[in-house]
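> Test case, fold it:
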Amino acid sequence: MPRRSDAVESLPPVVAAALARLGSDLAVARKRRKQSLRDWATRLNVSVPTLAKMEKGDPTVSAGVYATALWLIRRHEAMAVLADPQHDLVALEGEVKTATRRGAKAHA
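Okay, here's the model as predicted:
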């Protein structure tokens, strides 16, 4: 059996929890649409075991499979804003601090 990658082994708990939630939510979406595992696996072009892993939030399932599942439920547009620079508050705070320091030096 192949060794799991260090990235998967060191997954932060909050990230693992978010993937588990995403997988669970996708499973609910599939069930609400009365689609079988086999039907969705076919539409995603993956095996049933891979789909089952995705629905459990397995981080070894490719991002493309998660993205395609979001597309199946017409939620793919949400991916476009996930890392939108306009909402990167940590970077924005850093830029504000830098600008504040520059302003203070200019007035000194």
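> in the host helix or strand of residue 41, what counts as buried?
Using DSSP states H and E, residue 41 sits within helix 37-44. Using 16 or more other Cβ atoms under 10 Å as the test for burial, helix 37-44 gives 37, 40, 41, 44. C-beta: built from backbone N, CA, C; applies to glycine.
> ok, residue 38 to residue 9 distance?
The gap separating residue 38 from residue 9 is 31 Å, by Cβ to Cβ, to the nearest Å.
> Need the residue closest to the centroid of this structure.
In the chain, the C-alpha nearest the mean C-alpha coordinate belongs to residue 19, at 6.5 Å (Cα atoms, centre = their mean).
> in what helix or strand does the closest residue to it other than its chain neighbours lie?
Take residue 19 and drop its neighbours on the chain: the residue closest to it by Cβ to Cβ, 6 or more residues apart in numbering is residue 57, 3.8 Å away. Using DSSP H and E, residue 57 sits within no helix or strand.
> I'd guessed residue 57 sits against residue 27; true?
No. Contact criterion Cβ atoms under 8 Å: residue 57 and residue 27 do not qualify, at 9.6 Å.
> burial count for the nearest residue to residue 45 once chain neighbours are set aside?
Nearest residue to residue 45 in three dimensions, chain neighbours excluded: residue 68, at 7.8 Å (Cβ to Cβ, 6+ apart). For residue 68, the neighbour count with other Cβ atoms under 10 Å is 17.
> State the distance from residue 68 to residue 54.
Using Cβ to Cβ, residue 68 is found at 10 Å from residue 54.
> With residue 46 instead?
Distance from residue 46 to residue 54, by Cβ to Cβ: 8 Å.
> Compare those two and say which is more crowded by neighbours.
Under the neighbour definition other Cβ under 10 Å, residue 46 and residue 54 were set side by side, and residue 54 has more, 25 against 20.
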